[in-house]
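Colleague: Based on what follows, work out the 3D shape:
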Amino acid sequence: MITLKMTLRRMLSERRRSNNKLSRALSSSQIHHASRTTWSPPLVSLDLLDDCSSTFTHSHAAPIQKCTNDNARIIDGRSAAEEIKSSIAIEVSRMKESIGKVPGLAVILVGRGQDSLAYVRNKIMACHEVGFKFSIAELPENCTEEEVCDALSNYNKDASIHGILVQLPLPQGREPLFIPCTAKGCIELLLRSDVEIVGKRAVVIGRSNIVGLPTFLLLQRHHATVSIVHAYSENPEIIAREADILVAAAGVPNLVRGSWLKPGAVVLDVGINPIEDPESEHGYRLIGDVCFKEAVRIASAVTPVPGGVGPMTVAMLLLNTLEAAKRALHFP
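Modeller: So this is what the prediction gives:
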């Protein structure tokens with residue numbers, strides 16, 4: 001029998017996402033919202049890595065057209081995430097009172113990237129808010145494959161841990177091990193904001209296998225006509241201007257300008273780019289892939305950064321961990 005450690009080592013060395021189910025490891029299962037269920041499709045391996053920062057340029061070839069509305073409606077990820085977390089907290093309280101146990105989430109952090117640290121801080125706060133147990137294993141950027149596998153194995157043996165997340169992105173040369181929650185958060189934001197997906201033209205900027213590819217597949221599952229823009233796409237701004245729904249996930253600050261947007265489009269900004277800011281508490285502030293001040297004049301709805309897709313990603317992580325705990329503890 002192939003052990004967990006052997007399976008993970010093979011995934012890293014072959015640059016391929018395994019379809020094996022790892023006990024208690026987070027997977028993209030299902031999202032429940034009222035009577036609606038969203039399933040994440042299986043992912044395929046993607047070997048091409050884009051260097052969008054060196055390929056995309058900020059083009060202003062096309063004039064900026066305004067939406068008929070004065071300003072875009074802001075898609076409030078924080079508000080939607082708070083609703084989900086409130087429901088989760090009620091379930092956790094019921095679980096604790098009934099069986100004396102709570103869901104447990106473990107995070108494995110490799111390196112000290114500013115974006116990863118920001119994500120982890122948000123996860124810690126969210127776990128405390130809903131009553132989860134939280135544990136973190138911090139490894140240096142130059143850690144060995146063996147150390148990552150050992151951390152996973154140790155958490156996998158811990159009966160109090162029901163979700164294990166390897167914080168992405170991993171340092172260069174390491175492949176993602178788990179399907180992320182960001183794509184699910186994007187779809188959930190669209191559904192909760194009453195954005196029609198069926199039959200609409202959607203464009204995803206970025207084709208990473210942690211955001212771009214799963215978002216592409218989920219939008220297809222909801223019957224959108226989907227295109228992907230990547231570092232080798234010709235005339236990316238022209239393709240982007242065709243989108244009724246645009247998801248920016250390239251990791252390039254302010255890549256998407258107003259000239260890239262179709263008037264009335266719905267824009268989801270997945271980008272989280274740290275920019276030095278001495279006046280900020282942490283010495284930097286976060287901005288997205290979309291130039292917000294331009295997008296808000298043209299789009300019908302847009303997510304801010306921070307406060308848009310990010311909180312929903314954390315909320316989906318908590319929801320998956322809750323579901324994993326319920327299954328492991330046979331809790332209805």
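Colleague: List phi and psi for residue 291.
Modeller: phi -70, psi 100 (degrees, to the nearest 10).
Colleague: Tell me which residues are up against whichever helix or strand residue 105 is part of.
Modeller: Take DSSP states H and E as the rule and residue 105 turns out to sit in strand 104-110. Residues outside strand 104-110 that contact it (C-beta atoms under 8 Å, 6 or more residues apart in numbering) are 116-117, 120, 123, 127, 132-141, 143, 148, 151-152, 155, 158, 160-167, 170-171, 174, 317-318, 321, 325. In short, each C-beta sits where N, CA and C put it, glycine included.
Colleague: Now with 7 Å, please.
Modeller: Strand 104-110 is contacted from outside by 116, 120, 123, 127, 132-139, 141, 143, 148, 151-152, 155, 160-167, 170-171, 321, using C-beta atoms under 7 Å, 6 or more residues apart in numbering.
Colleague: Next: stretch 283-296.
Modeller: 64, 71-72, 114, 118, 248-258, 261, 267, 269-277, 302, 304-306.
Colleague: Apply 8 Å and report the result again.
Modeller: Against stretch 283-296 from outside (C-beta under 8 Å, 6+ apart): 64, 71-72, 74, 114-115, 118, 205, 248-258, 261, 267, 269-277, 302-306, 308.
Colleague: Ok, stretch 201-208 next?
Modeller: So stretch 201-208 is contacted by 46, 48, 50, 52, 212-213, 215-216, 219, 224-230, 236, 239-240, 242-251, 255-256, 270, 289 (C-beta under 8 Å, 6+ apart).
Colleague: rerun that using 6 Å as the cut-off
Modeller: 212-213, 215-216, 219, 224-230, 239-240, 242-250 (C-beta atoms under 6 Å, 6 or more residues apart in numbering).
Colleague: So which bits of that stretch are buried?
Modeller: Residues 201-208 are the ones in stretch 201-208 that count as buried (16 or more other C-beta atoms under 10 Å).
Colleague: circling back to that earlier point, mean confidence score for the next helix or strand after the strand holding residue 105?
Modeller: Downstream of strand 104-110, the first helix or strand assigned by DSSP H and E is helix 114-130. When pLDDT is averaged over helix 114-130, the result is 88.
Colleague: One more: stretch 200-215?
Modeller: 94.
Colleague: Which residue ranges of this structure form helices?
Modeller: 4-13, 52-55, 77-99, 114-130, 145-157, 182-192, 212-221, 236-240, 292-298, 309-329 (DSSP state H).
Colleague: May I see the buried residues of the last one?
Modeller: Across helix 309-329, burial judged by 16+ other C-beta under 10 Å covers 309-325, 328.
Colleague: I'd like the distance from it to the chain centre, please.
Modeller: 13 Å (C-alpha atoms, centre = their mean, to the nearest Å).
Colleague: now swap in the fifth one and tell me
Modeller: Offset of helix 145-157 from its chain centre (C-alpha atoms, centre = their mean): 23 Å.
Colleague: any idea of the mean pLDDT in it?
Modeller: For helix 145-157, mean pLDDT is 89.
Colleague: same deal with the shortest one?
Modeller: Helix 52-55 carries an average pLDDT of 53.
Colleague: In strands only, show me the buried residues of stretch 201-208.
Modeller: Those of the buried residues of stretch 201-208 mapping onto strands are 201-205, per DSSP state E.
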